[in-house]
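1. Have a look at this fold, sequence not included:
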């Protein structure tokens, strides 16, 4: 069974750099990459007043698909084994859950992504993951 390396990916420039780094690591160590896209759960009472559940799911699916297309552009032809996964929830919590539930050996992530409030809490997800996990985390600037 191959070791697994988790790469949180939202299509931002930081996550692209992290994925490029993870691809090089995977080539050198023969690990499987788990590319994780986390979509916020917009299915709240206030959102449901104006948007149907299927519209929320369609929005989340489309956002994940766009991110995965960017990831696959980098992965294509690399010879690296990978899996694409989408989760719904808070990014740091979903990353930590995925790493625990899937036997992940290490995480490679960027310093910041395309969060809800760009610039307000730069790096909060990577900081929370780094402080809350027991496995190695590589932060790619």
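-> Sure, I can see it. Please read all numbers here as calculations on a predicted model, not as lab measurements.
2. quick one: contacts of whichever strand or helix holds residue 25?
-> For residue 25, the element it lies in under DSSP states H and E is helix 13-29. Residues from elsewhere that reach helix 13-29, judged by Cβ atoms under 8 Å, 6 or more residues apart in numbering: 3, 5, 7-9, 31-33, 35, 70-71, 74-75, 78-82, 108-113, 138, 140-141. Backbone N, C-alpha and C define where each C-beta goes, glycine included.
3. Give me the mean pLDDT for the helix or strand following that helix.
-> As assigned by DSSP H and E, the chain's next helix or strand after helix 13-29 is strand 32-39. Across strand 32-39, pLDDT averages out at 98.
4. In this structure, mark out all the strands, start to finish.
-> Using DSSP state E, the strands of the chain run over residues 4-8, 32-39, 82-88, 106-110, 137-140.
5. With mean neighbour count as extra columns, can I get those in JSON lines?
-> Compiled in JSON lines, those are given as follows (neighbours: other Cβ atoms under 10 Å):
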{"stretch": "strand 4-8", "mean neighbour count": "25"}
{"stretch": "strand 32-39", "mean neighbour count": "23"}
{"stretch": "strand 82-88", "mean neighbour count": "16"}
{"stretch": "strand 106-110", "mean neighbour count": "25"}
{"stretch": "strand 137-140", "mean neighbour count": "17"}
